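**Q** Have a look at this prediction, sequence included:
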Amino acid sequence: MGIYRMEKKLDKFIAYDIGAISVNRAVVDKGGHITDVLEYTRHYGEPVKIILKDLKELIKRHNPVTFSAFAFTGSGGKNLANLLDFVFINEIEAITTAVKSIYPEVKTVIEIGGQDSKFIDIAAGDYAMNELCAAGTGSFLDQQASRFNLTIEEFCRLALRSAKPSTIAGRCSVFAKSDMIHLQQEAAKDENIALGLCYAMARSFKSGIVKGKKFEPPIIFCGGVSYNEAITKAFEDILKEKIIIPDYRHSIGAIGAALNLALKKFKKEANLIEVSEKLEQFLKNFKYKKETFKPLIIEKSILPESSYQKNKLDIKGRNNKVDAYIGVDVGSISTNVVAIDRNKKLIQKVYLRTAGRPIEAVRKGIAVIGKEAGRYLNVKAVGTTGSGRYLIGDLVGADLVINEITAQATAAVDIDPAV
(Lines give C-alpha, C1' and ligand atoms only; values in the text may rest on other atoms or scores of the structure.)
Protein backbone atom coordinates (compact mmCIF):
# COMPACT_ATOMS: atom_id res chain seq x y z
CA MET A 1 0.00 0.00 0.00
CA GLY A 2 2.84 2.40 0.85
CA ILE A 3 4.04 2.79 -2.72
CA TYR A 4 0.74 4.42 -3.70
CA ARG A 5 1.33 7.29 -1.29
CA MET A 6 4.55 8.20 -3.12
CA GLU A 7 2.64 8.72 -6.34
CA LYS A 8 1.81 12.16 -7.71
CA LYS A 9 -1.65 13.46 -7.01
CA LEU A 10 -4.21 14.18 -9.73
CA ASP A 11 -5.79 17.58 -9.03
CA LYS A 12 -9.31 16.22 -9.46
CA PHE A 13 -12.25 15.45 -7.19
CA ILE A 14 -14.52 12.41 -7.45
CA ALA A 15 -17.98 11.74 -6.01
CA TYR A 16 -20.54 8.95 -6.21
CA ASP A 17 -24.28 9.40 -5.81
CA ILE A 18 -25.82 6.11 -4.67
CA GLY A 19 -29.57 6.14 -5.09
CA ALA A 20 -32.31 3.57 -4.66
CA ILE A 21 -32.10 2.52 -8.31
CA SER A 22 -28.88 3.84 -9.82
CA VAL A 23 -25.24 4.70 -9.18
CA ASN A 24 -23.98 7.99 -10.62
CA ARG A 25 -20.44 9.35 -10.57
CA ALA A 26 -18.73 12.59 -11.51
CA VAL A 27 -15.16 13.88 -11.63
CA VAL A 28 -14.37 17.61 -11.59
CA ASP A 29 -11.05 19.45 -11.71
CA LYS A 30 -9.86 22.11 -9.27
CA GLY A 31 -11.48 24.80 -11.41
CA GLY A 32 -14.88 23.13 -11.04
CA HIS A 33 -15.02 21.85 -14.62
CA ILE A 34 -16.72 18.50 -15.20
CA THR A 35 -14.21 16.11 -16.74
CA ASP A 36 -15.83 12.68 -16.46
CA VAL A 37 -19.38 11.45 -15.79
CA LEU A 38 -20.61 7.87 -15.52
CA GLU A 39 -23.57 7.15 -17.77
CA TYR A 40 -26.86 6.31 -16.05
CA THR A 41 -26.35 2.88 -14.48
CA ARG A 42 -28.92 0.83 -12.56
CA HIS A 43 -27.42 -1.16 -9.71
CA TYR A 44 -30.24 -3.68 -9.07
CA GLY A 45 -29.48 -3.71 -5.34
CA GLU A 46 -25.71 -4.14 -5.77
CA PRO A 47 -24.20 -0.63 -5.89
CA VAL A 48 -20.77 -1.69 -4.59
CA LYS A 49 -20.24 -3.96 -7.59
CA ILE A 50 -21.09 -1.09 -9.94
CA ILE A 51 -18.71 1.27 -8.14
CA LEU A 52 -15.94 -1.31 -8.17
CA LYS A 53 -16.35 -1.89 -11.91
CA ASP A 54 -16.33 1.86 -12.55
CA LEU A 55 -13.24 2.42 -10.40
CA LYS A 56 -11.33 -0.16 -12.41
CA GLU A 57 -12.27 1.68 -15.60
CA LEU A 58 -11.15 4.99 -14.08
CA ILE A 59 -7.82 3.45 -13.05
CA LYS A 60 -7.22 2.49 -16.69
CA ARG A 61 -7.96 6.02 -17.90
CA HIS A 62 -6.22 8.14 -15.27
CA ASN A 63 -2.59 8.51 -14.38
CA PRO A 64 -1.84 9.15 -11.57
CA VAL A 65 -4.74 7.42 -9.79
CA THR A 66 -4.59 9.46 -6.59
CA PHE A 67 -7.36 12.09 -6.49
CA SER A 68 -7.44 15.19 -4.28
CA ALA A 69 -10.61 14.06 -2.48
CA PHE A 70 -13.46 11.55 -2.65
CA ALA A 71 -17.10 11.98 -1.56
CA PHE A 72 -20.41 10.17 -1.45
CA THR A 73 -23.97 11.44 -1.58
CA GLY A 74 -27.41 9.90 -2.06
CA SER A 75 -29.65 7.66 0.03
CA GLY A 76 -27.10 4.83 -0.03
CA GLY A 77 -23.95 6.92 0.23
CA LYS A 78 -23.55 7.36 3.96
CA ASN A 79 -22.65 3.76 4.79
CA LEU A 80 -19.94 3.63 2.14
CA ALA A 81 -18.59 7.01 3.20
CA ASN A 82 -18.24 5.65 6.74
CA LEU A 83 -16.71 2.39 5.51
CA LEU A 84 -14.04 4.14 3.45
CA ASP A 85 -13.65 7.14 5.77
CA PHE A 86 -14.60 9.65 3.08
CA VAL A 87 -16.84 12.68 3.33
CA PHE A 88 -20.61 12.36 2.91
CA ILE A 89 -22.46 15.32 1.42
CA ASN A 90 -26.18 15.84 1.89
CA GLU A 91 -28.20 15.44 -1.33
CA ILE A 92 -29.90 18.82 -1.05
CA GLU A 93 -26.55 20.55 -0.61
CA ALA A 94 -25.03 18.59 -3.49
CA ILE A 95 -27.87 19.34 -5.92
CA THR A 96 -27.98 23.02 -4.92
CA THR A 97 -24.21 23.40 -5.40
CA ALA A 98 -24.35 21.84 -8.87
CA VAL A 99 -27.27 23.94 -10.06
CA LYS A 100 -25.83 27.18 -8.68
CA SER A 101 -22.50 26.48 -10.36
CA ILE A 102 -23.74 25.31 -13.76
CA TYR A 103 -27.10 27.10 -14.07
CA PRO A 104 -26.77 30.24 -11.90
CA GLU A 105 -29.98 31.72 -13.34
CA VAL A 106 -32.14 28.84 -12.05
CA LYS A 107 -34.32 29.56 -9.02
CA THR A 108 -36.30 26.31 -8.62
CA VAL A 109 -35.21 22.67 -8.79
CA ILE A 110 -37.43 19.62 -9.32
CA GLU A 111 -35.48 16.43 -8.64
CA ILE A 112 -37.13 13.00 -8.87
CA GLY A 113 -35.16 9.81 -8.43
CA GLY A 114 -35.88 6.19 -7.63
CA GLN A 115 -37.39 6.70 -4.19
CA ASP A 116 -37.14 10.43 -3.43
CA SER A 117 -38.77 13.54 -4.85
CA LYS A 118 -37.27 16.92 -3.98
CA PHE A 119 -38.33 20.55 -4.44
CA ILE A 120 -35.58 23.11 -3.89
CA ASP A 121 -36.27 26.85 -3.81
CA ILE A 122 -32.76 28.16 -4.37
CA ALA A 123 -33.73 31.81 -4.06
CA ALA A 124 -35.39 31.31 -0.66
CA GLY A 125 -32.99 28.62 0.56
CA ASP A 126 -35.93 26.29 1.18
CA TYR A 127 -36.67 22.71 0.20
CA ALA A 128 -39.28 19.95 0.56
CA MET A 129 -39.16 16.17 0.08
CA ASN A 130 -41.56 13.28 -0.11
CA GLU A 131 -42.11 11.15 2.98
CA LEU A 132 -41.60 7.38 3.24
CA CYS A 133 -44.13 6.56 0.52
CA ALA A 134 -42.46 6.22 -2.89
CA ALA A 135 -45.61 7.10 -4.88
CA GLY A 136 -44.64 9.59 -7.55
CA THR A 137 -41.02 8.44 -7.85
CA GLY A 138 -39.00 6.41 -10.33
CA SER A 139 -39.69 3.08 -8.65
CA PHE A 140 -43.42 3.84 -8.78
CA LEU A 141 -43.16 4.50 -12.52
CA ASP A 142 -41.17 1.30 -13.04
CA GLN A 143 -43.84 -0.68 -11.22
CA GLN A 144 -46.67 0.76 -13.30
CA ALA A 145 -44.74 0.27 -16.55
CA SER A 146 -44.37 -3.41 -15.64
CA ARG A 147 -48.17 -3.67 -15.49
CA PHE A 148 -48.14 -2.99 -19.22
CA ASN A 149 -45.26 -5.46 -19.69
CA LEU A 150 -43.15 -2.51 -20.88
CA THR A 151 -39.73 -1.15 -20.02
CA ILE A 152 -39.74 2.37 -18.61
CA GLU A 153 -38.40 3.66 -21.95
CA GLU A 154 -41.25 1.97 -23.85
CA PHE A 155 -43.72 3.32 -21.29
CA CYS A 156 -42.45 6.87 -21.93
CA ARG A 157 -42.81 6.49 -25.70
CA LEU A 158 -46.31 5.09 -25.20
CA ALA A 159 -47.33 8.10 -23.07
CA LEU A 160 -46.03 10.57 -25.65
CA ARG A 161 -48.45 9.13 -28.23
CA SER A 162 -51.41 10.34 -26.18
CA ALA A 163 -53.28 13.60 -26.73
CA LYS A 164 -55.80 13.01 -23.94
CA PRO A 165 -54.43 11.86 -20.56
CA SER A 166 -56.76 9.77 -18.40
CA THR A 167 -57.60 10.98 -14.89
CA ILE A 168 -55.61 9.03 -12.30
CA ALA A 169 -54.99 9.57 -8.58
CA GLY A 170 -51.29 10.16 -8.02
CA ARG A 171 -50.94 10.73 -4.28
CA CYS A 172 -51.11 7.03 -3.45
CA SER A 173 -49.72 4.14 -5.48
CA VAL A 174 -52.62 1.91 -4.35
CA PHE A 175 -55.24 4.38 -5.61
CA ALA A 176 -53.27 4.96 -8.81
CA LYS A 177 -53.12 1.23 -9.48
CA SER A 178 -56.85 0.92 -8.78
CA ASP A 179 -57.64 3.76 -11.19
CA MET A 180 -55.45 2.20 -13.87
CA ILE A 181 -57.18 -1.16 -13.50
CA HIS A 182 -60.63 0.40 -13.83
CA LEU A 183 -59.54 2.38 -16.87
CA GLN A 184 -58.18 -0.78 -18.48
CA GLN A 185 -61.43 -2.58 -17.70
CA GLU A 186 -63.27 0.27 -19.44
CA ALA A 187 -61.04 -0.15 -22.52
CA ALA A 188 -59.27 3.20 -22.12
CA LYS A 189 -56.33 3.50 -24.48
CA ASP A 190 -53.00 2.43 -22.99
CA GLU A 191 -51.31 5.64 -24.11
CA ASN A 192 -53.96 7.76 -22.35
CA ILE A 193 -53.50 5.78 -19.14
CA ALA A 194 -49.71 6.13 -19.37
CA LEU A 195 -49.82 9.89 -19.92
CA GLY A 196 -52.50 10.18 -17.23
CA LEU A 197 -50.09 8.58 -14.78
CA CYS A 198 -47.42 11.14 -15.70
CA TYR A 199 -49.86 13.99 -15.12
CA ALA A 200 -50.89 12.40 -11.82
CA MET A 201 -47.24 12.36 -10.72
CA ALA A 202 -46.77 16.03 -11.64
CA ARG A 203 -49.97 17.08 -9.85
CA SER A 204 -49.03 15.02 -6.81
CA PHE A 205 -45.58 16.65 -6.69
CA LYS A 206 -47.15 20.11 -6.81
CA SER A 207 -49.84 19.47 -4.20
CA GLY A 208 -48.26 16.86 -1.93
CA ILE A 209 -44.63 17.98 -1.77
CA VAL A 210 -44.52 21.65 -2.72
CA LYS A 211 -47.79 22.39 -0.86
CA GLY A 212 -48.49 25.90 -2.04
CA LYS A 213 -44.90 27.07 -2.37
CA LYS A 214 -44.13 29.01 -5.53
CA PHE A 215 -42.31 27.55 -8.53
CA GLU A 216 -40.12 30.54 -9.30
CA PRO A 217 -38.78 30.36 -12.89
CA PRO A 218 -36.37 29.44 -14.36
CA ILE A 219 -37.14 25.85 -13.29
CA ILE A 220 -34.77 22.92 -13.77
CA PHE A 221 -35.79 19.24 -13.72
CA CYS A 222 -33.15 16.61 -12.89
CA GLY A 223 -32.85 13.07 -11.54
CA GLY A 224 -33.42 9.81 -13.39
CA VAL A 225 -37.13 10.50 -13.93
CA SER A 226 -36.27 13.63 -15.94
CA TYR A 227 -35.36 11.28 -18.81
CA ASN A 228 -39.11 10.65 -19.13
CA GLU A 229 -40.22 13.28 -21.63
CA ALA A 230 -43.88 12.64 -20.79
CA ILE A 231 -43.28 13.72 -17.17
CA THR A 232 -41.57 16.89 -18.42
CA LYS A 233 -44.55 17.53 -20.70
CA ALA A 234 -46.92 17.13 -17.74
CA PHE A 235 -44.92 19.52 -15.54
CA GLU A 236 -44.77 22.15 -18.27
CA ASP A 237 -48.52 21.89 -18.86
CA ILE A 238 -49.44 22.03 -15.17
CA LEU A 239 -46.95 24.75 -14.17
CA LYS A 240 -47.36 26.73 -17.41
CA GLU A 241 -43.59 27.19 -17.48
CA LYS A 242 -40.79 25.97 -19.71
CA ILE A 243 -38.66 23.39 -17.90
CA ILE A 244 -34.87 23.26 -18.27
CA ILE A 245 -33.46 19.74 -18.66
CA PRO A 246 -29.74 19.85 -17.83
CA ASP A 247 -26.87 17.93 -19.36
CA TYR A 248 -25.93 14.98 -17.15
CA ARG A 249 -29.41 15.21 -15.63
CA HIS A 250 -28.94 11.92 -13.77
CA SER A 251 -25.63 12.99 -12.23
CA ILE A 252 -26.47 16.41 -10.79
CA GLY A 253 -26.08 15.06 -7.23
CA ALA A 254 -22.70 13.47 -7.96
CA ILE A 255 -21.51 16.59 -9.78
CA GLY A 256 -22.60 18.77 -6.86
CA ALA A 257 -20.83 16.56 -4.33
CA ALA A 258 -17.60 16.69 -6.35
CA LEU A 259 -17.94 20.46 -6.77
CA ASN A 260 -18.36 20.79 -3.01
CA LEU A 261 -14.97 19.17 -2.58
CA ALA A 262 -13.37 21.42 -5.19
CA LEU A 263 -14.94 24.70 -4.07
CA LYS A 264 -14.14 24.09 -0.42
CA LYS A 265 -10.65 22.88 -1.38
CA PHE A 266 -11.31 19.76 0.66
CA LYS A 267 -8.14 17.72 1.04
CA LYS A 268 -8.12 14.03 1.80
CA GLU A 269 -6.31 12.16 -0.91
CA ALA A 270 -7.92 9.06 -2.36
CA ASN A 271 -5.97 6.44 -4.27
CA LEU A 272 -8.41 4.60 -6.52
CA ILE A 273 -6.45 1.35 -6.33
CA GLU A 274 -6.61 1.39 -2.53
CA VAL A 275 -10.31 2.23 -2.63
CA SER A 276 -11.06 -0.62 -5.03
CA GLU A 277 -9.07 -3.06 -2.87
CA LYS A 278 -11.09 -2.05 0.20
CA LEU A 279 -14.34 -2.54 -1.69
CA GLU A 280 -13.22 -5.96 -2.95
CA GLN A 281 -12.43 -6.96 0.62
CA PHE A 282 -15.81 -5.66 1.74
CA LEU A 283 -17.57 -7.81 -0.85
CA LYS A 284 -15.58 -10.87 0.25
CA ASN A 285 -16.54 -10.33 3.89
CA PHE A 286 -20.11 -9.36 3.18
CA LYS A 287 -22.21 -12.49 3.42
CA TYR A 288 -25.50 -12.02 1.68
CA LYS A 289 -27.56 -14.75 0.17
CA LYS A 290 -30.74 -14.11 -1.73
CA GLU A 291 -33.45 -16.37 -0.38
CA THR A 292 -37.11 -16.76 -1.13
CA PHE A 293 -39.80 -18.48 0.87
CA LYS A 294 -41.05 -21.84 -0.29
CA PRO A 295 -44.42 -21.83 -2.06
CA LEU A 296 -47.43 -22.08 0.24
CA ILE A 297 -48.96 -25.54 0.24
CA ILE A 298 -51.97 -26.98 2.02
CA GLU A 299 -50.73 -29.70 4.38
CA LYS A 300 -53.06 -29.79 7.37
CA SER A 301 -56.32 -28.65 5.82
CA ILE A 302 -58.68 -30.86 3.86
CA LEU A 303 -60.72 -29.04 1.25
CA PRO A 304 -63.80 -30.97 0.16
CA GLU A 305 -64.06 -31.27 -3.59
CA SER A 306 -66.72 -28.98 -4.96
CA SER A 307 -69.87 -30.72 -6.09
CA TYR A 308 -69.43 -28.86 -9.36
CA GLN A 309 -65.94 -30.30 -9.81
CA LYS A 310 -67.01 -33.76 -8.63
CA ASN A 311 -69.96 -33.91 -11.00
CA LYS A 312 -68.14 -32.51 -14.02
CA LEU A 313 -69.94 -33.47 -17.20
CA ASP A 314 -68.01 -35.68 -19.58
CA ILE A 315 -69.06 -34.51 -23.02
CA LYS A 316 -66.38 -35.99 -25.23
CA GLY A 317 -67.62 -38.56 -27.72
CA ARG A 318 -71.25 -37.41 -27.56
CA ASN A 319 -73.29 -37.42 -30.75
CA ASN A 320 -75.66 -34.65 -29.71
CA LYS A 321 -74.67 -31.15 -28.60
CA VAL A 322 -75.13 -29.98 -25.02
CA ASP A 323 -76.91 -26.72 -24.21
CA ALA A 324 -74.27 -24.63 -22.45
CA TYR A 325 -74.17 -21.41 -20.45
CA ILE A 326 -70.95 -19.39 -20.34
CA GLY A 327 -69.95 -17.30 -17.33
CA VAL A 328 -67.09 -14.79 -17.52
CA ASP A 329 -65.62 -13.16 -14.40
CA VAL A 330 -63.13 -10.41 -15.30
CA GLY A 331 -61.17 -9.14 -12.30
CA SER A 332 -58.14 -6.92 -11.87
CA ILE A 333 -55.83 -9.90 -11.26
CA SER A 334 -57.53 -12.90 -12.79
CA THR A 335 -60.09 -13.80 -15.44
CA ASN A 336 -62.24 -16.92 -15.14
CA VAL A 337 -64.34 -18.45 -17.89
CA VAL A 338 -66.77 -21.27 -17.05
CA ALA A 339 -69.20 -23.39 -19.07
CA ILE A 340 -72.05 -25.29 -17.37
CA ASP A 341 -74.98 -27.27 -18.74
CA ARG A 342 -78.71 -26.80 -18.13
CA ASN A 343 -78.48 -28.94 -14.97
CA LYS A 344 -75.66 -26.76 -13.57
CA LYS A 345 -73.02 -29.40 -14.17
CA LEU A 346 -69.54 -28.08 -14.90
CA ILE A 347 -68.39 -28.64 -18.46
CA GLN A 348 -65.14 -26.69 -18.58
CA LYS A 349 -63.39 -23.91 -16.65
CA VAL A 350 -60.36 -21.73 -17.39
CA TYR A 351 -58.33 -19.51 -15.05
CA LEU A 352 -56.03 -16.85 -16.52
CA ARG A 353 -54.13 -13.78 -15.38
CA THR A 354 -55.81 -10.60 -16.58
CA ALA A 355 -52.39 -8.85 -16.72
CA GLY A 356 -53.99 -5.52 -17.56
CA ARG A 357 -55.38 -6.94 -20.81
CA PRO A 358 -58.96 -8.07 -20.04
CA ILE A 359 -60.02 -8.45 -23.67
CA GLU A 360 -57.02 -10.63 -24.50
CA ALA A 361 -57.56 -12.72 -21.36
CA VAL A 362 -61.23 -13.37 -22.20
CA ARG A 363 -60.38 -14.23 -25.79
CA LYS A 364 -57.81 -16.75 -24.60
CA GLY A 365 -60.25 -18.24 -22.08
CA ILE A 366 -63.04 -18.64 -24.59
CA ALA A 367 -60.57 -20.05 -27.12
CA VAL A 368 -59.48 -22.72 -24.62
CA ILE A 369 -63.07 -23.77 -23.94
CA GLY A 370 -63.78 -23.71 -27.67
CA LYS A 371 -60.80 -25.94 -28.40
CA GLU A 372 -61.57 -28.40 -25.61
CA ALA A 373 -65.34 -28.61 -25.88
CA GLY A 374 -66.62 -26.21 -28.53
CA ARG A 375 -67.83 -28.81 -31.02
CA TYR A 376 -70.00 -30.42 -28.34
CA LEU A 377 -71.65 -27.19 -27.14
CA ASN A 378 -74.72 -25.25 -28.14
CA VAL A 379 -74.20 -21.95 -26.31
CA LYS A 380 -77.57 -20.67 -25.10
CA ALA A 381 -76.47 -17.60 -23.11
CA VAL A 382 -73.47 -15.70 -21.74
CA GLY A 383 -73.19 -13.78 -18.48
CA THR A 384 -70.41 -11.46 -17.30
CA THR A 385 -69.36 -10.24 -13.87
CA GLY A 386 -66.34 -8.67 -12.19
CA SER A 387 -64.84 -5.22 -12.56
CA GLY A 388 -64.61 -5.65 -16.33
CA ARG A 389 -68.14 -6.94 -16.77
CA TYR A 390 -69.46 -4.01 -18.85
CA LEU A 391 -66.55 -3.94 -21.27
CA ILE A 392 -66.59 -7.72 -21.79
CA GLY A 393 -70.38 -7.78 -21.79
CA ASP A 394 -70.35 -5.50 -24.83
CA LEU A 395 -67.54 -7.50 -26.42
CA VAL A 396 -69.23 -10.91 -26.19
CA GLY A 397 -72.82 -9.71 -26.48
CA ALA A 398 -73.70 -10.87 -22.97
CA ASP A 399 -77.29 -11.78 -22.14
CA LEU A 400 -76.68 -10.83 -18.51
CA VAL A 401 -74.27 -8.39 -16.86
CA ILE A 402 -74.29 -8.78 -13.08
CA ASN A 403 -72.24 -7.43 -10.18
CA GLU A 404 -69.82 -9.85 -8.54
CA ILE A 405 -71.47 -9.79 -5.09
CA THR A 406 -74.75 -11.05 -6.52
CA ALA A 407 -72.91 -13.58 -8.69
CA GLN A 408 -70.85 -14.91 -5.78
CA ALA A 409 -73.86 -15.13 -3.46
CA THR A 410 -75.91 -16.97 -6.09
CA ALA A 411 -73.16 -19.55 -6.62
CA ALA A 412 -72.49 -20.00 -2.90
CA VAL A 413 -76.14 -20.68 -2.06
CA ASP A 414 -76.47 -23.09 -4.97
CA ILE A 415 -73.39 -25.04 -3.86
CA ASP A 416 -74.41 -25.04 -0.19
CA PRO A 417 -77.97 -23.92 0.66
CA ALA A 418 -76.93 -23.59 4.31
CA VAL A 419 -74.72 -20.58 3.53
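**A** In hand now; what should we look at?
**Q** neighbours around the closest residue to residue 369 other than its chain neighbours, how many?
**A** Spatial nearest neighbour of residue 369, excluding adjacent residues (Cβ to Cβ, 6 or more residues apart in numbering): residue 348 at 4.8 Å. C-beta here means a position set from N, CA and C on the backbone, and glycine is covered the same way. Neighbourhood size, residue 348 [other Cβ atoms under 10 Å]: 23.
**Q** Who is residue 348 paired with across the strands?
**A** With DSSP bridges as the criterion, residue 348 is bridged to residue 339.
**Q** what do you get for the one 5 residues further on?
**A** Applying DSSP bridges to residue 353 yields these beta-bridge partners: residue 334.
**Q** Begin at 272 from now on, thanks
**A** Sure, I'll start numbering at 272, so the last one becomes residue 624.
**Q** so who does the residue nearest to residue 640 touch?
**A** Going by Cβ atoms under 8 Å, 6 or more residues apart in numbering, residue 619 touches 609-610, 639-640, 643-644.
**Q** and if you look at residue 521?
**A** Taking Cβ under 8 Å, 6+ apart, one finds 293, 295, 311, 493-495, 497-498 in contact with residue 521.
**Q** Can you say which of those residues are buried?
**A** Among those, those buried by neighbour count (16 or more other Cβ atoms under 10 Å) are 293, 295, 493-495, 497-498.
**Q** from those residues, which has minimum pLDDT?
**A** Of all the buried ones among the contacts of residue 521, residue 495 carries the smallest pLDDT score, 90.
**Q** Is it in contact with residue 385, as I believe?
**A** Yes. The pair residue 495 / residue 385 is scored as a contact, 6.4 Å apart, by Cβ atoms under 8 Å.
**Q** any chance you could map the strands in the stretch 322-471 of the chain?
**A** Counting by DSSP state E, counting those that start in this stretch, the stretch 322-471 of the chain has strands at residues 337-344, 358-359, 379-383, 388-392, 397-400.
**Q** for the contacts of residue 619, which one is nearest residue 686?
**A** Distance to residue 686, by Cβ to Cβ, is smallest for residue 609 among the contacts of residue 619, at 13.0 Å.
**Q** so how far is residue 587 from the closest one?
**A** Remark: distance between residue 609 and residue 587 (Cβ to Cβ, to the nearest Å) = 18 Å.
**Q** Compare those two and say which is more crowded by neighbours.
**A** residue 609 (21 against 9).
**Q** Wait, that one touches residue 616, no?
**A** No. In this structure residue 609 lies outside contact range of residue 616 using Cβ under 8 Å: 11.3 Å.
**Q** quick check, residue 595 in a strand?
**A** Yes. Assessed by DSSP: H, G, I helix; E, B strand; the rest coil, residue 595 belongs to a strand.
**Q** residue closest to the middle of this structure?
**A** What sits nearest the mean C-alpha location of the chain, by Cα atoms, centre = their mean, is residue 413, with 2.0 Å.
**Q** Do I have it right that that residue meets residue 421?
**A** No. Look at residue 413 against residue 421 with Cβ under 8 Å: they stay out of range, at 10.1 Å.
**Q** so what's residue 419 up against?
**A** If you count contacts by Cβ under 8 Å, 6+ apart, residue 419 has them with 426, 429, 461, 465, 627.
**Q** Is it possible to get these out as TSV so that each row also shows neighbour count?
**A** Listed next are the contacts of residue 419 as TSV, based on neighbours: other Cβ atoms under 10 Å:
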residue	neighbour count
426	24
429	20
461	20
465	28
627	21
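**Q** From the residues you listed, which land in helices?
**A** Counting by DSSP state H, those place 426, 429, 461, 465 in helices.
**Q** check contacts around the residue nearest to the last one when sequence neighbours are not counted.
**A** Put plainly, it is residue 465. Of all residues not flanking residue 465 in the chain, residue 430 sits nearest, at 3.8 Å (Cβ to Cβ, 6+ apart). Contacts for residue 430 (Cβ under 8 Å, 6+ apart) come out as 462, 465-466, 468-469, 499, 501.
**Q** Let me have the residues you listed in JSON lines, adding pLDDT and distance to residue 687 as columns.
**A** Below are those laid out as JSON lines (pLDDT from 0 to 100; distance: Cβ to Cβ, whole Å):
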{"residue": "462", "pLDDT": "95", "distance to residue 687": "46"}
{"residue": "465", "pLDDT": "93", "distance to residue 687": "44"}
{"residue": "466", "pLDDT": "95", "distance to residue 687": "48"}
{"residue": "468", "pLDDT": "92", "distance to residue 687": "43"}
{"residue": "469", "pLDDT": "93", "distance to residue 687": "48"}
{"residue": "499", "pLDDT": "93", "distance to residue 687": "52"}
{"residue": "501", "pLDDT": "95", "distance to residue 687": "51"}
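**Q** Find the pair from these with maximum spatial separation.
**A** Comparing all pairs in the contacts of residue 430 by Cβ to Cβ, the longest separation belongs to 462 and 499, at 14.0 Å.
**Q** More neighbours: which of the two?
**A** Shown here are residue 462 and residue 499; by other Cβ under 10 Å, residue 499 has more neighbours (24 against 20).
**Q** count of neighbours near the nearest residue in space to the more buried one that is not next to it in sequence?
**A** What sits nearest to residue 499 in space, not counting adjacent residues and going by Cβ to Cβ, 6+ apart, is residue 427, at 4.7 Å. Applying other Cβ under 10 Å, we find 22 residues neighbouring residue 427.
**Q** ditto for residue 396
**A** Residue 396 is flanked by 8 other residues according to other Cβ under 10 Å.
**Q** do residue 384 as well
**A** Counted with other Cβ under 10 Å, residues neighbouring residue 384 total 27.
**Q** I figured it hits residue 289, correct?
**A** No. In this structure residue 384 lies outside contact range of residue 289 using Cβ under 8 Å: 10.7 Å.
**Q** Now the common contact residues for residue 495 and residue 385.
**A** Residues within reach of residue 495 and of residue 385 at once, by Cβ under 8 Å, 6+ apart, are 290, 292-293, 409.
**Q** Which residues are in contact with residue 492?
**A** For residue 492, counting by Cβ under 8 Å, 6+ apart, the contacting residues are 381-383, 502-503, 506, 514-516, 520.
**Q** Buried ones among those?
**A** The neighbour count (16+ other Cβ under 10 Å) marks 381-383, 502-503, 506, 514-515, 520 as buried among the contacts of residue 492.
**Q** Can you tell me which of those lies closest to residue 651?
**A** For the buried ones among the contacts of residue 492, the nearest to residue 651 is residue 502 (50.7 Å; Cβ to Cβ).
**Q** what's the helix or strand for that closest one?
**A** Residue 502 is located in helix 500-510, with elements delineated by DSSP states H and E.
**Q** Appreciated, that's everything.
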